[in-house]
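Trainee: fold the following.
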Amino acid sequence: MWRYAMERIGGLVLNLKKSEQLAITTEDGSRVVIRLVSSGKHPRVVINAPKEISINREKIVDVYA
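Mentor: From the prediction side, this is the model:
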């Protein structure tokens, strides 16, 4: 269901290994890198992005709406 919900909003669902990172290049050439730094019960990621890009934490209310 997550994959279906993310495809509806134009997202991406993937599995990252600790030796991998996801790099996103924006239209203006800015680069955002997401790296998994710890996995398990409480996985953590590091997001490196230019200061101009806003990164916010949002609570998911209803994924299927």
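Trainee: only C-alpha atoms for contact and neighbour calcs from this point on.
Mentor: Will do.
Trainee: just give the closest residue to Ser30, not the sequence neighbours.
Mentor: Among residues not flanking Ser30 along the chain, Pro50 sits closest, at 7.0 Å (CA to CA, 6 or more residues apart in numbering).
Trainee: just Arg31 next, same as before
Mentor: Thr25 (4.5 Å).
Trainee: got a list of contacts for the longest strand seen in the chain?
Mentor: Longest strand in the chain, counting residues (DSSP state E): strand 31-38. For strand 31-38, the external contacting residues (CA atoms under 8 Å, 6 or more residues apart in numbering) are 16-18, 20-26, 43-50.
Trainee: any quick PyMOL command for the buried ones out of the residues you listed?
Mentor: Only the buried entries of the contacts of strand 31-38 go into this PyMOL selection, using 16 or more other CA atoms under 10 Å:
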select buried, resi 21+49
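Trainee: ok, the longest strand of the chain: who's next to it in the sheet?
Mentor: strand 21-25 (antiparallel), strand 44-48 (antiparallel) (DSSP bridges).
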